[in-house]
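here are the coordinates; sequence isn't available:
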């Protein structure tokens with residue numbers, strides 16, 4: 001990894017000597033991409049997260065671009081080497097297939113098809129290879145080397161989400177004029193996050209007839225996965241709220257015993273959770289509307305090791321309800337298996353409402369317990 005880091009630093013420092021304009025190079029790349037019909041490749045991927053966790057994965061992917069659709073712009077089949085399953089998208093439905101349990105999940109809504117790219121197989125789809133998106137690029141630079149071109153895209157800071165120093169470096173093969181490697185980098189709450197993609201075994205004139213995209217034999221013998229509600233979570237309704245003794249972001253101790261005879265809303269969240277962050281303004285609005293009627297709201301940060309990034313994020317926001325540092329015992333007691341999780345407790349100290357994900361019915365539930 002040390003050699004990789006030195007190479008990256010060198011690349012960043014040498015873009016000033018670009019041999020041709022970035023605009024011209026991008027036009028050539030996009031022209032080459034438009035001529036693609038069907039390709040297959042092996043992807044090697046390294047993901048470095050703000051927590052310091054590093055994932056290294058590889059796998060195979062097939063892309064059919066002959067009939068671009070509005071959701072992704074291509075059909076695909078992909079499999080990650082370490083996972084006994086695969087993901088395919090036939091232009092209408094995305095399937096995440098698990099061979100061990102002989103089950104599959106299906107996404108039929110076009111607006112949600114992109115979620116399939118987060119599945120183990122979907123992680124092997126390298127979109128820059130076939131669709132170069134420059135819509136949010138603030139500035140760009142190009143550089144020519146002996147056997148490849150380098151493109152660097154710079155993006156604007158996102159002050160709302162505390163994202164800065166975001167850039168992408170693309171390595172363009174001179175023969176194919178396709179991006180065969182990319183580094184996507186940003187700083188989030190003072191910590192680095194990066195994704196490194198590298199393509200090998202690229203087949204440009206692949207035969208779609210040999211692809212696995214149209215193979216849906218699993219439909220006749222595998223069972224469709226049915227998403228069931230969290231039974232253990234639902235069983236908490238009507239039960240006394242599990243006791244807690246936590247410390248807030250500003251160092252104060254908050255105990256469940258201190259909120260007797262009050263309605264309490266617990267918002268379990270994590271700093272890396274997009275839906276959690278997106279729903280937080282709605283929680284603040286509920287707090288503003290009902291705090292004078294006896295509603296207490298506490299945000300509960302769930303992930304160990306993310307305390308400092310979470311505190312830094314919260315400091316830049318304007319939320320007025322307390323933020324608490326959770327622990328594993330609390331997560332187990334409240335059945336925190338998915339976030340955001342909302343737990344509403346009535347004035348008698350019993351759990352009245354639970355929801356994985358923000359639910360519009362939460363406000364009506366609050367009104368009932370006040």
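Yep, that arrived. Treat the numbers as computed from the prediction; the structure is a model and nothing was measured.

list the helices and strands the one helix or strand residue 105 maps to packs on?
Using DSSP states H and E, residue 105 sits within strand 103-107. On a contact count with 3 or more Cβ pairs under 8 Å, 6 or more residues apart in numbering; DSSP states H and E, strand 103-107 meets strand 94-98, strand 223-224. C-beta here means a position set from N, CA and C on the backbone, and glycine is covered the same way.

now render those strands as JSON lines, adding mean pLDDT.
Listed next are the helices and strands packed on strand 103-107 as JSON lines, based on pLDDT from 0 to 100:
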{"stretch": "strand 94-98", "mean pLDDT": "95"}
{"stretch": "strand 223-224", "mean pLDDT": "92"}
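
among the ones you listed, which is the most enclosed?
strand 94-98 (a mean of 23; mean count of other Cβ atoms under 10 Å).

that strand pairs with which strands?
When pairing is defined by DSSP bridges, strand 94-98 lines up against strand 85-89 (antiparallel), strand 103-107 (antiparallel).

list the contacts of residue 327.
246, 304 (Cβ atoms under 8 Å, 6 or more residues apart in numbering).

so where does the residue lying farthest from the centre of the chain fall, helix or strand?
The outermost residue of the chain relative to its centre, with distances by Cα atoms, centre = their mean, is residue 261 at 38.7 Å. Element membership for residue 261 (DSSP H and E) is empty, with no helix or strand holding it.

hmm, residue 346 and it touching each other?
No - in this structure, residue 261 is not within contact of residue 346 by Cβ atoms under 8 Å, at 9.9 Å.

before we move on, back to that, dump the strands paired with strand 94-98 into CSV; add distance to residue 158, mean pLDDT and mean neighbour count as well.
CSV is the format used below for the strands paired with strand 94-98 (distance: least, Cβ to Cβ, whole Å; pLDDT from 0 to 100; neighbours: other Cβ atoms under 10 Å):
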stretch, distance to residue 158, mean pLDDT, mean neighbour count
strand 85-89, 29, 96, 25
strand 103-107, 27, 92, 17
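
TSV for the ones you listed, including distance to residue 50?
TSV is the format used below for the strands paired with strand 94-98 (distance: least, Cβ to Cβ, whole Å):
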stretch	distance to residue 50
strand 85-89	26
strand 103-107	28
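
among the ones you listed, which is nearest residue 332?
For the strands paired with strand 94-98, the distance to residue 332 is smallest for strand 103-107, at 26.4 Å, taking Cβ to Cβ.

beyond the closest one, next helix or strand please.
For strand 103-107, the following helix or strand on the C-terminal side (DSSP H and E) is strand 137-144.

and that next one, what's buried?
If you call a residue buried by 16 or more other Cβ atoms under 10 Å, then strand 137-144 has these buried ones: 137, 140, 141, 142, 143.

where does the prediction get shaky in the protein?
Residue ranges of the chain with pLDDT under 70: 1-20, 227-228.

give the buried residues for the longest strand belonging to it.
Secondary structure assigned by DSSP state E gives strand 191-203 as the longest strand of the chain. Residues of strand 191-203 classed as buried: 191, 193, 194, 195, 196, 197, 198, 199 (neighbour count, 16+ other Cβ under 10 Å).

and which of these is nearest residue 241?
Nearest to residue 241 among the buried residues of strand 191-203, with distances taken as Cβ to Cβ, is residue 191, at 33.5 Å.

looking at the buried residues of strand 191-203, which is nearest residue 64?
Distances from residue 64 to the buried residues of strand 191-203, taken by Cβ to Cβ, are shortest for residue 199, at 16.9 Å.

mind listing the helices for this structure?
Along the chain, counting by DSSP state H, helices occupy 2-13, 22-34, 231-234, 274-290, 307-315, 328-333, 362-369.

residue 256: which of the buried residues of strand 191-203 is nearest?
Checking the buried residues of strand 191-203 against residue 256 with Cβ to Cβ, the nearest one is residue 191 at 31.9 Å.

residue contacts, residue 147?
So residue 147 contacts 173, 174 (Cβ under 8 Å, 6+ apart).

please report how far it lies from residue 25.
The spacing between residue 147 and residue 25, counted by Cβ to Cβ, to the nearest Å, is 15 Å.

equivalent analysis for residue 230, please.
Taken as Cβ to Cβ, the span from residue 230 to residue 25 is 50 Å.

what sits against the closest residue to residue 352 other than its chain neighbours?
Among residues not flanking residue 352 along the chain, residue 346 sits closest, at 4.5 Å (Cβ to Cβ, 6 or more residues apart in numbering). By Cβ under 8 Å, 6+ apart, the residues touching residue 346 are 263, 352, 369.

can you put these in a markdown table and add neighbour count and distance to residue 234?
Converted to a markdown table, those look like this (neighbours: other Cβ atoms under 10 Å; distance: Cβ to Cβ, whole Å):
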| residue | neighbour count | distance to residue 234 |
| --- | --- | --- |
| 263 | 23 | 20 |
| 352 | 20 | 12 |
| 369 | 20 | 17 |
